[in-house]
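S.K.: how would this look folded up:
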Amino acid sequence: MRGELGEHASGLRATVRLLANTAAIVEYLPPRLAEWMARNPRTDIDLKERQSIEIARAVSAGLAEIGILSDAADTSGLTLRPFAIDRLVVVISSDHALAAAKQIAFTEILHEHFVGLAGGALQDHIDAQAARLGSRLKMRVRMRTFEAICHMAGQGIGLGIVPETAARRCSRSAKIAALRLTDPWATRRLSLCARSLEELPSPARDLFEHLATI
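M.R.: Predicted coordinates:
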C-alpha cells in the first residue's frame with residue numbers, strides 16, 4: 001500500500017477517473033479497458049457507474065476526466081466521440097404469449113410483472129420512463145446481473161429489460177425471446193466525452209483515443 005502511494009506521489013503511477021452508465025460498464029468496457037490497462041500497468045482506473053445526466057455534469061465540472069453516456073444527456077461544451085449503440089430489449093419466456101412478437105412498446109407491457117436490476121443507472125432510467133407514463137413497475141424480484149434477469153425471465157418469473165447484447169449472449173442458455181422496445185429512449189447512442197482533449201493528462205488522453213478507435 002505504501003509503495004503504491006509513493007508511486008502516485010512521485011508521478012510513477014497515474015489514475016484516470018472514468019464514469020459510465022450501466023450498459024457501458026457491463027457490456028462494452030471490459031474487453032476494451034482490459035486491452036489498454038494491460039499495455040499501461042502503471043495506470044489505475046477509478047471507474048464509477050452513474051446516470052448519463054450525472055456523468056455530463058461531473059465531466060463538465062472536472063470531477064472526472066472521461067465519461068461514457070447516452071444521447072439523453074446535455075453534452076453542451078463537451079468533446080464527444082462515438083462509442084457504441086445500446087439497444088434495450090424486453091426478455092420474456094419463449095412460451096410467453098408475446099414471444100412471437102418482434103417488437104413492442106413500453107406501454108404495452110406496463111401491466112406485466114418484472115424482474116429488474118438491484119439498483120444502478122439503467123434501472124433508474126427504466127423506472128423513470130415508467131414514472132413519466134404515470135406508472136410504477138410491478139417488480140417481483142431484483143437481480144444483480146443481466147444474465148440472472150434473463151434466466152429468471154426464461155422461467156416465466158417476469159419480464160426483464162436488458163441490452164440486446166446481453167439478451168443475445170444469454171439466449172444460448174436461457175429459454176428467452178427478445179423483443180425490441182420501439183420507444184425512442186430504448187435505443188441509445190453511447191458517446192465518450194471529455195471537457196477538453198488538450199487539457200487531459202497524457203494517460204487519460206491516451207485512454208480516450210483508445211476507446212474511441214475500437
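
S.K.: hey, which strand is longest across the protein?
M.R.: Ranked by residue count and defined by DSSP state E, the top strand of the chain is strand 79-93.

S.K.: in stretch 162-179, which residues are buried?
M.R.: Within stretch 162-179, the residues scored as buried using 16 or more other C-beta atoms under 10 Å are 162-167, 169-171, 174-179. Yep, even glycine has a C-beta here, placed from its N, CA and C like the rest.

S.K.: can you check stretch 21-37 too?
M.R.: 21-29, 32-33, 36.

S.K.: start to end distance for that stretch?
M.R.: End-to-end distance of stretch 21-37 (C-alpha to C-alpha, to the nearest Å): 20 Å.

S.K.: quick revisit: among the buried residues of stretch 162-179, which are in strands?
M.R.: Judged by DSSP E, the subset of the buried residues of stretch 162-179 located in strands is 162-163, 176-179.

S.K.: closest one of the residues you listed to residue 13?
M.R.: Ranked by distance to residue 13 (C-beta to C-beta), these are led by residue 163 at 33.1 Å.

S.K.: before we move on, back to that, got the ones in strands among the buried residues of stretch 162-179 as JSON lines, with pLDDT columns?
M.R.: What follows is these, written out as JSON lines (pLDDT from 0 to 100):
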{"residue": "162", "pLDDT": "97"}
{"residue": "163", "pLDDT": "96"}
{"residue": "176", "pLDDT": "96"}
{"residue": "177", "pLDDT": "96"}
{"residue": "178", "pLDDT": "97"}
{"residue": "179", "pLDDT": "97"}
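
S.K.: may I see the residues you listed arranged in JSON lines, with distance to residue 147 as well?
M.R.: Formatted as JSON lines, those follow (distance: C-beta to C-beta, whole Å):
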{"residue": "162", "distance to residue 147": "9"}
{"residue": "163", "distance to residue 147": "12"}
{"residue": "176", "distance to residue 147": "11"}
{"residue": "177", "distance to residue 147": "16"}
{"residue": "178", "distance to residue 147": "14"}
{"residue": "179", "distance to residue 147": "18"}
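
S.K.: list just the nearest of these to residue 84.
M.R.: For those, the nearest to residue 84 is residue 163 (9.6 Å; C-beta to C-beta).

S.K.: beta partners for that closest one?
M.R.: Per DSSP bridges, the residues bridged to residue 163 are residue 88.

S.K.: hang on, it packs against residue 25?
M.R.: No: counting by C-beta atoms under 8 Å, residue 163 stays clear of residue 25, with 11.0 Å between them.

S.K.: what sits against the one residue sitting closest to the centre of the chain?
M.R.: For the chain, the residue nearest the mean C-alpha position is residue 23 (1.9 Å; C-alpha atoms, centre = their mean). By C-beta atoms under 8 Å, 6 or more residues apart in numbering, the contact set of residue 23 is 86, 122, 163, 188, 190.

S.K.: spell out the secondary structure type for it.
M.R.: Following DSSP: H, G, I helix; E, B strand; the rest coil, the label given to residue 23 is helix.
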